[in-house]
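Asks: curious how this folds, go ahead:
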Amino acid sequence: MEIKEISFFGITLDLGGLFGGAKDVAKDAWQRFGWQEAEENYRQRLIHDYGTLRILGNAKPVPLEGIFTDVYVLDKRSADRRFQIEDLECDPDGARERGMVRQNGLDVVKSEIANNRLFILGKPGAGKTTFLKYITLQAAQGKLFAIPIFVSLKEWADSKLELFDFMVKQFEICQFPNARPFIQLILQQGKAIVLFDGLDEVQQENRQRAQLITVLRDFSRQYLTSQCLITCRIAATDYSFEQFTYMEVADFDNEQIKEYVRKWFSGEKLAKQELFFKEFNKPEHQGLRDLARTPLLLSLLCLGFEDNLRFPHRRVDIYEDALEVLLKKWDSNRAIQRDEIYRGLSLTRKRQLFARVAAETFQQGKYFIKQDILVKHIETFLHRLPAGDQAGDIDGEVVLKAIEMQHSIFVERAQKIYSFSHLTFQEYFTAKYIADNPKAIKELMGHCTDGRWREVFLLTVSLLDEENADEFFAEFQRAVVALISQDETLVKLLNWANEKAVGSQSSYKIAAVRSVYIFLTLTLNRDLDRCINPDRLDRSLAITLAFARTFAHSLDLAIVRTLARALTLARSRSLFPNIRIDYLLVIMLLIVNRFGNSNTFQKLRDNIPKFILFFAEVVAICQRFSELQAELRNLTLPTKNDKQSTWQYFEVRLRNVMQRHRNIGHEWDFEWELSEKLESYLEANVLLVECLKLAMVSDRKVIEDRVLLLTD
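Replies: Purely as a prediction, here's the structure:
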């Protein structure tokens, strides 16, 4: 019985086209051919070849379906958008996809509208090849009704074979009598989906890429009814595939990042998943969350965390690993040799180029750079190189496109407007420039109160050797002292805090105790809300952290809780007696001040009995300070029925006792401008301490002891 139709991958094929030109012998061979066995062989080969993924740095391939996270595509290229720099700067994160429609990539491929020809662009490591492999796997599993033909364009170009001959090799496992007519049949009947991967990986030398593009164009015109997808790196080509819809792979959003991490740390690794998210979401890891928008770099973060259960203390190590991957490993691990448009530039020179551009643009506050300005930066750098490092005529625009295609260190955010692909790369290369040019350290210190430069400080000190790090901190401490050295009130305050710290007889670091007394003073002056964020304090200042968090609760609204916390902390053995009693007296004085305040008196009247009990317990704790204890007992506590003026008088007497016996409770007359200066001074010192945690220095204790100190 003559076979006229067969089912292959669940798709009905009319074999008339296959037999039409065949001789009787060939036709008989096709009739006797084991179609079901061939289908299964081809299916298993696809699953074997494309069902796993090799992740950079991981010795073993992983199942693709176990790690694949939905890919989203944008309906146009970022570079096609016509925005002004001002449009991008007003909301850099929001501008990432503004003016473009974000769609699930697999849904686009499956849809019946304008999906027959897709040209999919993406940055290195964006997941283009993984996406095509997943589509192939979906088809092999019967979830996508098309017969997949996967073509690595680099492998095809290197094979020197005709396109059909290369495709035929993929069907050899099925033992077709002659696979060419069968491939032509499924293409002509629109039953195939052909996935051409990696146009950018084909070299341009000897017109190799141009010739390949001609073949692809002819192929897509000849087989209009079969689906055809091509992937390529952004900026790798300006060639026009007229019949194709251009799309760009979108960066991972927060949900995609979460899904990827959940899949990575699934099953027995669930505990690691929780730890990852806990660390990943910390405020100081904003730069890592930015990197994680690129799947390749997210896998690098997951791999490193899996081994160590933490991210490196020095974030600079992560950034250097990420750049090593983008600049070198990603292509070399896949044996891809790119066309060297800027052939004379070594890896070191490339890093120097990026560092100079980063430093100059970051200094100017530019995150988005016009193409012509960026080209001038590049050309200026290249013209300064020795002759041996240059490669003939310098065309900055060609070099820029090569950088974008090969590494995506620069990316075109809108038409002729560029930025670093990640803000943290711009910060890292700015720090690299400063670390490589020690004379720039002094200039850096002019930004010690500018939050925009915070990460640059931390990265710079991480890159310095011991000698330059010592100079870094010497300059830093001179800069912070200069912030307030001309203000008599602030100088007196800092000197008083040091006097109290020295007299506290505490084993805590002297700088930590100084900071305690500064915070107590700020609390008394009701300026806490404008103090530095306690969550950013150095861990060595644990006592300050505890105090600041206690004070952070409004005494007006939570007086009972505040009293309880104060007593609990004061009973702690970790506090030395001098610090403990000073802390309790300040809390007490602050509450008394609230009772004497017309805005809060009525609200707090019912809490007066609780305060009286608190006062009695504070007096009892003062047993080591007998004269102070006696004077406190001699104070007459106002009652619930007393007027505000009585509480105000009591406050004056309590403050007088505190000043005479403990040298605390002074009223510092801070004008707005002085408060701003003090806040900046404190924030700069916090940054200095954070830098010290990352630095290699000759004498750490000397630097620590000078924190919050104006004189030797």
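Asks: list the contacts of Arg54.
Replies: By CB atoms under 8 Å, 6 or more residues apart in numbering, the contact set of Arg54 is 61-62. For every residue, glycine as well, the C-beta is placed using N, CA and C.
Asks: ok, now how distant is it from Glu306?
Replies: 16 Å (CB to CB, to the nearest Å).
Asks: ok, now Trp264?
Replies: Going from Trp264 to Glu306 by CB to CB gives 8 Å.
Asks: in terms of neighbours, single out the busier of those two.
Replies: Each of Trp264 and Glu306 has its neighbours counted (other CB atoms under 10 Å); Trp264 has more, 23 against 14.
Asks: next up, phi/psi of the spatially closest residue to Arg217 that is not a sequence neighbour, please.
Replies: Closest residue to Arg217 apart from its sequence neighbours, by CB to CB, 6 or more residues apart in numbering: Phe241 at 6.7 Å. The phi/psi pair for Phe241 (degrees, to the nearest 10) reads phi -100, psi 90.
Asks: what about Phe241, how many neighbours?
Replies: Neighbour tally, Phe241, other CB under 10 Å: 19.
Asks: please apply the same query to the one 3 residues further on.
Replies: A count of neighbours around Phe244, defined by other CB under 10 Å, yields 18.
Asks: just checking, it touches Gln227?
Replies: No. Applying CB atoms under 8 Å, one finds Phe244 not in contact with Gln227, separated by 11.3 Å.
Asks: need the overlap of contacts for those two.
Replies: With CB under 8 Å, 6+ apart as the test, Phe244 and Gln227 both reach Arg117.
Asks: Ile417 pairs with what?
Replies: Lys370, Ala414 (DSSP bridges).
Asks: residue contacts, it?
Replies: Applying CB under 8 Å, 6+ apart, we find Ile417 in contact with 83, 85, 88, 368-371.
Asks: would you map the helices across the stretch 51-200 of the chain?
Replies: For the stretch 51-200 of the chain, the helices defined by DSSP state H, counting those that start in this stretch occupy 64-67, 85-89, 105-110, 128-140, 153-159, 163-170, 179-188.
Asks: now for the last one, which elements pack on it?
Replies: Where contact means 3 or more CB pairs under 8 Å, 6 or more residues apart in numbering; DSSP states H and E, helix 179-188 is packed against helix 16-19, helix 163-170, strand 192-197.
Asks: the same query, at a cut-off of 7 Å, please.
Replies: Under the contact definition 3 or more CB pairs under 7 Å, 6 or more residues apart in numbering; DSSP states H and E, helix 179-188 sits against helix 16-19, helix 163-170.
Asks: which parts of that helix are buried?
Replies: By neighbour count with 16 or more other CB atoms under 10 Å, helix 179-188 contains the buried residues 179, 181-187.
Asks: Leu212 contacts Ala157, correct?
Replies: Yes. Between Leu212 and Ala157 there is a contact under CB atoms under 7 Å: 5.7 Å.
Asks: any idea how far Phe119 is from the residue lying closest to Ser78 once chain neighbours are set aside?
Replies: Spatial nearest neighbour of Ser78, excluding adjacent residues (CB to CB, 6+ apart): Arg413 at 5.8 Å. According to CB to CB, Arg413 and Phe119 sit 20 Å apart.
Asks: so which residues of the stretch 301-450 of the chain form strands?
Replies: 369-370, 410-414, 417-420 (DSSP state E, counting those that start in this stretch).
Asks: quick one: average pLDDT of the last one?
Replies: Right, the one you point to is strand 417-420. The average pLDDT for strand 417-420 rounds to 93.
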